[in-house]
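>>> Sequence unavailable; structure follows:
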């Protein structure tokens, strides 16, 4: 995060501006904030900046979402994340989904620049098929990617040199995104639930959400957040799964999840290995 990015943010709760405090042992170098604490000028809510990423969870949620590295940084800069308040049912489900995605990207499968520059599923052609925005539209524009995962969308958008690329992701896989992008890309990374985000209204030219809105608990409010950040005349690109012609997902995969999710993630990974081998062999020898 850079000092100039603060003008794009406000308190998610009261919409007041932030002031910044920096721990003496950490630096602001060439406008880049590595570690620090943002404090709301009105309600005094505080949010940490951890390794350049702004982290914006509700006070009762920080201790549940932060990983060990994040907690160590919070202790270093003096940010208090401890709370004894339990999560409600909806918050607990959101945390579980977040942990599942983080496990997938951090432990099971993580793509590289080579994968993203290929002609496969993670390549540019497939992304442009999902998000029907002309590539040249991104050049010199401010773009936000919602639920950016490990950075696939951000990578492809960055190749067309946006002026500023903003990425929202609720999971800790967000810390790996800069490794995929050009070093000179102006980048703002925000870790938060998109329904509790710190972005001001009318700050971006293009707003992108690829295969993620269907995972949000409140689709209508999620859509409002996606379009609310757009400047007048801005462009939105959204791709979601369809219920039409999708019998496998809607009638087999989704019902199975209610049973499969009862098992720990490492057990699920073990069970998934055998059908994955069968699918791989079918693709390799019959389709390819």
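In hand now; what should we look at? For clarity, every value in this text was computed on a predicted model and none was experimentally measured.
>>> which residue is nearest the middle of the chain?
residue 169 (1.4 Å; Cα atoms, centre = their mean).
>>> For the stretch 51-200 of the chain, which residues score under the pLDDT cut-off?
Counting by pLDDT under 70, the stretch 51-200 of the chain shows no low-confidence range.
>>> Would you map the strands across it?
53-55, 142-146, 164-169, 187-191 (DSSP state E, counting those that start in this stretch).
>>> Ok, which of these comes nearest residue 246?
Nearest of the strands of the stretch 51-200 of the chain to residue 246, taken as Cβ to Cβ: strand 142-146 at 22.1 Å. Every residue, glycine included, has its C-beta placed from N, CA and C.
>>> Okay, now the sheet partners of the closest one, with direction.
strand 164-169 (parallel), strand 204-210 (parallel) (DSSP bridges).
>>> Against residue 200, how distant is residue 17?
Look at residue 17 and residue 200: by Cβ to Cβ, to the nearest Å, they are 9 Å apart.
>>> Between the two, which contacts overlap?
Listed as contacting both residue 17 and residue 200 by Cβ atoms under 8 Å, 6 or more residues apart in numbering are residue 10.
>>> Isn't residue 241 up against residue 212?
No: counting by Cβ atoms under 8 Å, residue 241 sits too far from residue 212 to count as a contact (10.1 Å).
>>> What is the helix ranked longest in the chain packed up against?
Ranked by residue count under DSSP state H, the longest helix found in the chain is helix 265-282. Where contact means 3 or more Cβ pairs under 8 Å, 6 or more residues apart in numbering; DSSP states H and E, helix 265-282 is packed against helix 89-103.
>>> Give me the helices and strands touching the helix it packs on, please.
Using 3+ Cβ pairs under 8 Å, 6+ apart: helix 89-103 touches helix 62-65, helix 265-282.
>>> Now with 7 Å, please.
Helices and strands touching helix 89-103, by 3 or more Cβ pairs under 7 Å, 6 or more residues apart in numbering; DSSP states H and E, are helix 62-65.
>>> from the chain's centre, how far out does stretch 162-171 sit?
8 Å (Cα atoms, centre = their mean, to the nearest Å).
>>> how far does that stretch stretch from start to finish?
Taking Cα to Cα, to the nearest Å, the first and last residues of stretch 162-171 lie 24 Å apart.
>>> ok, back up a step: take the strands paired with strand 142-146 and write them to CSV, including distance to residue 86.
Listed next are the strands paired with strand 142-146 as CSV, based on distance: least, Cβ to Cβ, whole Å:
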stretch, distance to residue 86
strand 164-169, 25
strand 204-210, 30
